Every structure is written in C-alpha cells, then in structure tokens.
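1. Okay, predicted coordinates and the sequence, questions at the end:
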Amino acid sequence: SDSKKIWKIINNVRGKHRRLIKPNFLVDNKRITDRRVIAHEFNKYFVSLAPSLNRVYIDDNGIRINPLSNFNDFLQDKCESTISLRDCNEEELESIIAELKLGKSSDIPVHVIKHTASITAPVLTRMYNKCMAEGYFPNELKTGRISPIYKKDNEELLENYRPVS
C-alpha cells in the first residue's frame, strides 16, 4: 500500500531500516560468521551479565555505588492470609484476545489469534484453569525468544547489544 511505502521511506531517512546482511561478530578476537555460534555466544554473554549486577561499582567520579540489597529486604512480614483466584471463562479470554494490538511480536500472527478466538478460547480456558488448579506451569511457557538489539558503537562486539524478549 502507499502508506507502507511512505513509512519505508521515512524510516530509511531516519536510519531505521533492516539490513539484509548482518555483521560478523568478534569473540575473543576471532571473527564469527556461523549463525548458530553467534546465537550461542550471545546467550553466553547475556547470561553472564546477571552475576555482575550486584557488584560494588566505582563510577567515573570515584563515587562508590553499593550493590543492590537482597530482594528479601523489600518483602513485608509474612502474611498469614490466603488468596484465591476464580477460574477464567471463555468470554473473559475472548475479551482479552480482542484487545491484543496488531503488529505486536508473537509466534502466531495476532490477526490469526483474533480470528480464531471463538475456536481457541474454550480450549485455552480449560487448559489455563487446569494449570492454575494443579499449580502447574508448562516448561514451554517458561522460555522466551531473546533478540539482541544493537545499541551503539562497534556492531561487531556483543557488549554493544542488549537482550529483548
């Protein structure tokens, strides 16, 4: 459509365009071009970031930045009350699906999810309610697709990318 062409031109002028050729990456001073190796190296790099988040840092002005407290320090005293959740119903799930925004990232295109809601909502409702009742969360839903997003500077260095799920 014309609006698609216009946005393509606008984004191109703004420097917001997809490159057909991805850069090679440097890891340990070795140039890597194999996509599987690149993915593995990004995974290793992103996973390695978490332990360093709680170190003591000294900023550029020599000011000491203490590590974050233990998350337990932020919790209130134990609550003896209980919480209960009611089962969801098909109408509730169909309403949530109807509010999904088109163009959002998903393994299944959002317009397909919306058009099939009347068929999938009953099945998904039963599955969700069963998982909640049994306290079970499928391993397949515990994973995410992480995409490295370029930030700045040298495109060949992993540290110039941030993970986005």
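-> Sure thing, it's come through.
2. Poorly predicted segments of the chain, please.
-> When residues are selected by pLDDT under 70, those of the chain lie in 1, 15-21, 53-59, 67-69, 104-106.
3. count of residues packed around S48?
-> By the criterion of other C-beta atoms under 10 Å, S48 has 10 neighbours. In this view, the C-beta of every residue, glycine as well, is placed from N, C-alpha and C.
4. correction: H111
-> For H111, using other C-beta under 10 Å, the count is 11.
5. Now it: which helix or strand?
-> For H111, the host element (DSSP states H and E) is helix 110-115.
6. That helix - contacts with which helices or strands?
-> Packed against helix 110-115 by the contact rule (3 or more C-beta pairs under 8 Å, 6 or more residues apart in numbering; DSSP states H and E) you find helix 90-98.
7. Please identify the buried residues of the helix it packs on?
-> Buried residues in helix 90-98, counted by 16 or more other C-beta atoms under 10 Å: 90, 93-94, 97.
8. Go ahead and measure how far the helix holding H111 is from the middle of the chain.
-> The chain centre lies 21 Å from the centre of helix 110-115; the measure is C-alpha atoms, centre = their mean, to the nearest Å.
9. circling back: of all the buried residues of helix 90-98, which two lie farthest apart?
-> Farthest pair in the buried residues of helix 90-98 (C-beta to C-beta) is E90 and I97. Separation: 10.3 Å.
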